[in-house]
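Engineer: My questions concern the predicted model and sequence given below.
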Amino acid sequence: MTQAVPEAPTQAELREIALTRAEYESASAQLGRALNPLELGMLGAMWSEHCSYKTSKPLLRQLRSTGARVVLGPGENAGVVDLGDDLLCCFKIESHNHPSAIEPVQGAATGVGGILRDVFAMGARPVALLDAIRFGDLDQSLQRHRFARVVEGIGFYGNCIGVPTVGGETYFDSAYSDNCLVNAMCVGLAERSQLVRAVASGPGNPVMLVGADTGRDGIHGATFASVQLDESADERRPAVQVGNPYLEKCLLEACLELCGHPALVGLQDCGAAGLTSSCAEMAHRGGVGIEIDVARVSRRELGMSPYQVMLSESQERMVLVVESGQEDAVRQIFDRWDLHSDIIGRVISEPELRILDGPVRVATLPLGILVDGFAERRPPSRRPIDLDSRLAADPLSSPAPWSLEESWLRLLSSPNCGETRWIFRQYDHQVGDDTVRGPGGDAAVLRIKGRSDGLAMTVDGAHRSAALDPRQGTALAVAEAVRNLAVVGAEPLALTNCLNFGDPDQPEVMWQMEEAVGGLAEAALAFGIPVVSGNVSLYNDFQGTGIPPTPMVGLVGQVPAVAVSTGLGFRAAGDQIYLIGPAGVELAGSEYQRLAQGAVMGTPPHLDVAAELVAAAAIRDLVRGSVLSSAHDCSLGGLAVTLAESCIAGGLGAVVDFPLAIPSQAPTGWAWGVLFGETSGRYLVSVAPDLIDLLAAVCQGHGVPVMKLGVVGGSSISIGGLAEIALEAATRASAGGLAGFMERG
Amino acid sequence: MPTDNRHRYIAEVVVTLKPVVNDPQGLVVTQALHALGYPEVGATRVGKFISLDLEGAEESQVRARVEEMCRRLLRNEVIEDYRFQLRREEP
Amino acid sequence: MPTDNRHRYIAEVVVTLKPVVNDPQGLVVTQALHALGYPEVGATRVGKFISLDLEGAEESQVRARVEEMCRRLLRNEVIEDYRFQLRREEP
Amino acid sequence: MPVRFGIAVFPGTWSERDCSHAVSLAGGESTFLWHADRDLKGSDCVVLPGGFAHGDYLRAGAIARFAPLMDAVAEHARAGGLVLGICNGFQILCEAGLLPGALLRNRGLQFLCQPTWLRVETVSTRFLAGLEVGNTLEIPISHGEGRYYADPATLAQLEAESRVALRYSGPTGELADQYNPNGSLHQIAGILNEQRNVLGMMPHPERACEALLGSSDGLALFSGVVRSLVAAGR
Ligand SMILES: Nc1ncnc2c1ncn2[C@@H]1O[C@H](COP(=O)(O)OP(=O)(O)O)[C@@H](O)[C@H]1O
Ligand SMILES: [Mg+2]
């Protein structure tokens, strides 16, 4: 049968699949003929920003992905690092921002489902989830509702499938009112022999689709994530998918059973652009082609067209290529878990994706065009014209609206700095029986059964600094992640990242992207951390207003001995409190500035990577040597908030003196800058009096500045001469901030 | 006896997933019914049933209010449909 | 047209918590409705709505089967009541 | 021969490995029991672990209780064999009628994963044999549907027969509503059947078997079984 000669698509048809006329013309020129509607739909999805990364790819090339411990970098479903003794760790972070804006519970839930599939598609058992989320201010009921529903969705999926959610990061700022961010990260473990690649090979080998039936849900999801949200988002709502974590749990177990099996050739999850993308990518990686017969795909609904089958984004499906003749062995495994396993096609030697509908060939697209045929984009970029004046502003000279005490309590009760128990108690953070340190501290720590070492992980996003200076802000997020690992004694292995931006066709957004990716590349290189996986989410924009640049950094590290680690809470009255790292007096880009001054301005904190590296090394040594009673990295809210957090967690007060002389010409905000400035590279530690010499020796050995601040004890937290609050008031402020908003309903 | 013309009503609202939306729960219940020996069951869909006690005057007004409650709160319009029955309770 | 006397039926089952069992979800819905400006709402209770597509011959037989499904699976008699409506679909 | 624990696996179960690990810490031996089989593989104690068997769709445990394995479990229980239902396992035991009552959605409507304190209310069962009445155990919960409910007559009977095994309490055993995480009637966290060989509990003792993970109080339940069975010569 021959295909009818199609007509050129209309403008409306192209818009539907987010393809430009020039892109269409390039595709038909490469193909030497017009594309029929099915081919057009498949190509549109594959060439969408979401699948092709056509705008971000040129920037992402700056990221270095190699390193001694890296087994697989970007390009596979998840990055893989070597933990030694044939154990591998796979991890990745991914966004589900647009779906979560439309349907918060299911959008967030299916985001978790998707990232889990990326990890078990590699043959790794998921052992931990983390989430990084952003919303508008909680004093608005819409934001409270959205936030509560996203947390519910994340918990719903992770709790049901039985993977602990061990950490995350939450931040509220009116800049996210119209575009919430929901990024989910998954970490898994695999024996080396279990590692599977998403590669098709061996012409004649059958291609199977396993898991859920295919429905009409999510058609055009990839396209949807590649355009702005506008009023017409309502009409796209059939794109919403309902997750089935129960089915995914069965799918996970069945796939992991299969991963040691010689019958398995390649495994790939079915994500954005559904079957089209999973088949195209698997075949393309293997230098072969795939032929699919859509008539063989189990459907949830009657009357689905080939177009709908090929572009459905129904959740909880995987595509596999198996050795010819082994179909039954594979099928048995899925049968046992009550899962469908359809043989939907076969590997072919011609490098093309061929679609049949029963006996009729309905589409033929060479993979070179489908996967690689798009043109990379480099939209114009422009540095904001008012940036220099904003950077030049001096926030220390602004008058402070509140006293030091009031500022301190307001910060503690801000949902951004206060306790996040309201969130993480809704997440099972213990299932798996490996969580040594769960949420509520700096980094999470997981033991690895049968070994003495463990994993540490954290996710940290650039905060307000990135809005001023995306390069610096992103680098600061990397530094914060490194510090969060250091306080639990962990050394970074590799990082994953999720780059959330507005509309790249706005020159200032493009500039933010260039700067942020540059900052990430530089910082990762300087810290010696390879970037093994990541994700980009663009068009987080509503009616022309986009989010501030929000790169998230997921960092995984190794702890040599999980049994030896230190918490952030003070442990004993009489312990001495030290600040390791530089003193600093500044406010630009800080949480205090956001709360008190509304706008962010000034020059964000300086990043001295060399100093950060030695300080992290010193902290690791101190933690591993059990020298410290507590260790906490000093970031959001500055020294005063960090100190209060250690007091609250330990139920102990503190008396400290900040040994900085007030300069004679001190600006108005000087004391606020001391207490609440977010100078990078600092840790607040406590140590038993008899170990002080050891602390000094280790710090000196590393050449790290260390400053005695005071002593643990009492019922208040006092920063000598500047401010004092009751421990009880601090505890109430911190516990009541987020929870207070949420319990208000 | 109410002296004014106010009455008690009961509204029974049924909220179901839209037909195109995946209903994992319905799928599993169908499987379970098959396994229990009820092969005659085809599709099963699971939704919510919400009953409201209300007070109001005219039935048409009460109906309009319930309609509004459904739209604003009781159903999630992204994925759900609703319908309801209203009946007046005799005192 | 079915040549034998088999028909399609739809059973709509409503499962509700027994009146003596606390229904926190119902309370939350009531509160939310009050907050949204519907003070006329008294008690609210939230239950399940399950619709089943079935095939069968006699209506009385089908009814007996659905009754059995409810008792065995669809409701838990410790905490729940149920009722259902059965209707025959025209082909 | 070591004491043998058979750990049930339903589709959607997730704490089978955690339970197996706890059993090995207690010096027992474990084997997994597939829901579709009827074979208990010579288990002395059957554990129905936590998770979301069949997705907890319809009601937690509603579908799992019809598994062929559950026939064998009921038989084992009738014959005096030990059965421990943890979280989802407790829900399944209630649905199956091996324990009275039902578990409803938490009163706050949220899923909760947090440490709880449990007061030991009876030790006349092999599961709690090594403990004393009034002891408190720190064991976490992780559930959305853990609010224990039974009608007043059943509750009265449970109390009269000392079949409430564990109650949510404060760290020193004080009973107050603030320590009741989910609104369970009579603060019930765990109950026994009439023969006292079936225990259902919402908290997860298998997560509290090592100080490294925060608490080792849960180990008492597993080692209680091992010790008392060994002492009884089985
Ligand atoms: N959305 C979330 N999910 C899970 N845990 C969270 C979430 N948000 C915050 N947390 C936890 O709360 C604690 C404090 O978060 P954060 O202030 O961001 O820590 P840090 O500044 O050390 O990175 C961390 O342990 C973090 O894992
Ligand atoms: Mg930190």
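Structural biologist: The structure has been received and is ready for your questions. Ligands and ions are numbered 1, 2, ... in the order given.
Engineer: The residue lying closest to A:Q194 once chain neighbours are set aside and chain C: what is the separation?
Structural biologist: Of all residues not flanking A:Q194 in the chain, A:G123 sits nearest, at 4.1 Å (CB to CB, 6 or more residues apart in numbering or on different chains). (C-beta placed from N, C-alpha, C; glycine too.) As judged by CB to the nearest CB, to the nearest Å, A:G123 and chain C stand 37 Å apart.
Engineer: for D:G233, same thing?
Structural biologist: In terms of CB to the nearest CB, D:G233 sits 38 Å off from chain C.
Engineer: which parts of the stretch 251-400 of chain A sit against chain B?
Structural biologist: Counting by CB under 8 Å from any CB of the partner chain, the stretch 251-400 of chain A comes close to chain B at A:300-301, A:314-315, A:338.
Engineer: What count of nearby residues applies to the residue nearest to A:Q194?
Structural biologist: 25 (other CB atoms under 10 Å in any protein chain shown).
Engineer: Now do the contacts for it.
Structural biologist: A:190, A:194-196, A:255-256, A:259, A:267 (CB atoms under 8 Å, 6 or more residues apart in numbering or on different chains).
Engineer: low-confidence ranges in chain B?
Structural biologist: B:1-4 (pLDDT under 70).
Engineer: and the residue of it nearest chain A?
Structural biologist: B:P24 (3.5 Å; CB to the nearest CB).
Engineer: those helices in chain D, which residues are they?
Structural biologist: Using DSSP state H, the helices of chain D run over residues D:16-25, D:68-78, D:88-95, D:152-160, D:219-231.
Engineer: Turn the ones you listed into a markdown table, including mean neighbour count.
Structural biologist: Formatted as a markdown table, the helices of chain D follow (neighbours: other CB atoms under 10 Å in any protein chain shown):
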| stretch | mean neighbour count |
| --- | --- |
| helix D:16-25 | 22 |
| helix D:68-78 | 18 |
| helix D:88-95 | 29 |
| helix D:152-160 | 14 |
| helix D:219-231 | 21 |
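Engineer: Just the element for the residue nearest the centre of chain B, please.
Structural biologist: Centroid check for chain B by CA atoms, centre = their mean gives B:V14 as the closest residue, at 1.4 Å. Per DSSP states H and E, B:V14 falls inside strand B:7-17.
Engineer: Skip ahead from that strand and say which helix or strand is next.
Structural biologist: According to DSSP H and E, the helix or strand after strand B:7-17 is helix B:24-35.
Engineer: which one is residue 62 nearest to, not counting chain neighbours?
Structural biologist: Unless you meant another one, I'm taking chain A. A:A521 (4.0 Å).
Engineer: Let me rephrase: I mean chain D.
Structural biologist: D:A62 sits nearest to D:E95 (CB to CB, 6+ apart), 5.5 Å away.
Engineer: With A:R285 as the reference, measure out to D:E75.
Structural biologist: 52 Å (CB to CB, to the nearest Å).
Engineer: Next: B:N22.
Structural biologist: For B:N22, the distance to A:R285 - CB to CB - is 30 Å.
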